[in-house]
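[1] only the shape, not the letters, is given here:
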């Protein structure tokens, strides 16, 4: 076990999500843990597709999860959901601008082999743009049934687990009628990953790390 970044050494984080609630579902618990560990952490949070009610929820979600950050820059964009590959030039240009502006220590993005096309494109462009950063790919449970075998785990304590689940279900009321959006789904995913890494609390988030340099 290595405390990579969880000892307060991470000072800047970039979170990338295709849609509102993706970041919170994929790495919300780990963000809470990172912010607990460091008192001077800046977070840039980018949601690429949210409008209207969902944009308001996305802002509320970011505010809730980033309350412990020393500084936070939240961007909620309006690229057309489900069509990212077809507006890929515009999204690539957006990534170019992000890469020119930001040098994060850690980047959270979608799994590269996610079956959702919007998620896959963001993951691909993350690696095109942020070549010198640690990148962790997060998972999203959904209808496609594409949960993967992952290789990086973050133990969550009971408080972080409960805060993640409570915040998601409280803020995203627009998703309450979705068959998959429930506290049971989120808890089950965290519990499964906790079993895989022998988390003391029983809960964890899991990621794929394609490349890790120990210097």
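    On my side now, so go ahead. None of these values were measured; they are calculated from a predicted model.

[2] beyond the one helix or strand residue 193 maps to, next helix or strand please.
    Assigned by DSSP states H and E, residue 193 belongs to helix 183-197. Next helix or strand after helix 183-197 toward the C-terminus (DSSP H and E): strand 203-208.

[3] what about the helix holding residue 193, distance to the chain center?
    Distance, stretch centre to chain centre, for helix 183-197: 16 Å (C-alpha atoms, centre = their mean, to the nearest Å).

[4] quick one, it and strand 203-208 angle?
    With axes from the mean of the first three to the mean of the last three C-alpha atoms, to 10 degrees defining the directions, helix 183-197 sits at 70 degrees from strand 203-208.

[5] can you list the residue ranges for strands in this protein?
    12-19, 42-49, 71-76, 106-110, 134-138, 152-156, 203-208 (DSSP state E).

[6] which one of those strands lies nearest to residue 176?
    Taking C-beta to C-beta, strand 12-19 is the member of the strands of the chain nearest to residue 176, at 16.0 Å. In this view, the C-beta of every residue, glycine as well, is placed from N, C-alpha and C.

[7] thinking again about what came up before, of all the strands of the chain, which lies closest to residue 184?
    Taking C-beta to C-beta, strand 203-208 is the member of the strands of the chain nearest to residue 184, at 13.6 Å.

[8] same for that closest one, what does it pack against?
    helix 22-37, strand 134-138, strand 152-156, helix 183-197 (3 or more C-beta pairs under 8 Å, 6 or more residues apart in numbering; DSSP states H and E).

[9] that strand: how far from the chain's middle?
    For strand 203-208, the distance to the chain centre is 11 Å (C-alpha atoms, centre = their mean).

[10] can you list the strands that that strand pairs with?
    strand 134-138 (antiparallel), strand 152-156 (antiparallel) (DSSP bridges).

[11] in the helix holding residue 193, what counts as buried?
    Buried residues in helix 183-197, defined by neighbour count with 16 or more other C-beta atoms under 10 Å: 185, 186, 187, 189, 190, 191, 193, 194, 197.

[12] now that helix against helix 22-37, angle please.
    Compare the direction of helix 183-197 with that of helix 22-37 by the same axes, to 10 degrees and you get 60 degrees.

[13] just checking, what packs against helix 183-197?
    Under the contact definition 3+ C-beta pairs under 8 Å, 6+ apart, helix 183-197 sits against strand 152-156, helix 158-171, strand 203-208.

[14] which residues does the residue sitting nearest the centre point of the chain contact?
    With distances taken as C-alpha atoms, centre = their mean, residue 23 lies nearest the centre of the chain, 3.2 Å away. Taking C-beta atoms under 8 Å, 6 or more residues apart in numbering, we find residue 23 in contact with 15, 16, 17, 31, 45, 47, 61, 62, 65, 108, 138.

[15] quick one: those residues as CSV, columns for distance to residue 167 and neighbour count too.
    Listed next are these as CSV, based on distance: C-beta to C-beta, whole Å; neighbours: other C-beta atoms under 10 Å:
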residue, distance to residue 167, neighbour count
15, 15, 27
16, 19, 27
17, 15, 30
31, 11, 27
45, 14, 26
47, 16, 27
61, 7, 27
62, 11, 27
65, 7, 26
108, 17, 27
138, 16, 27
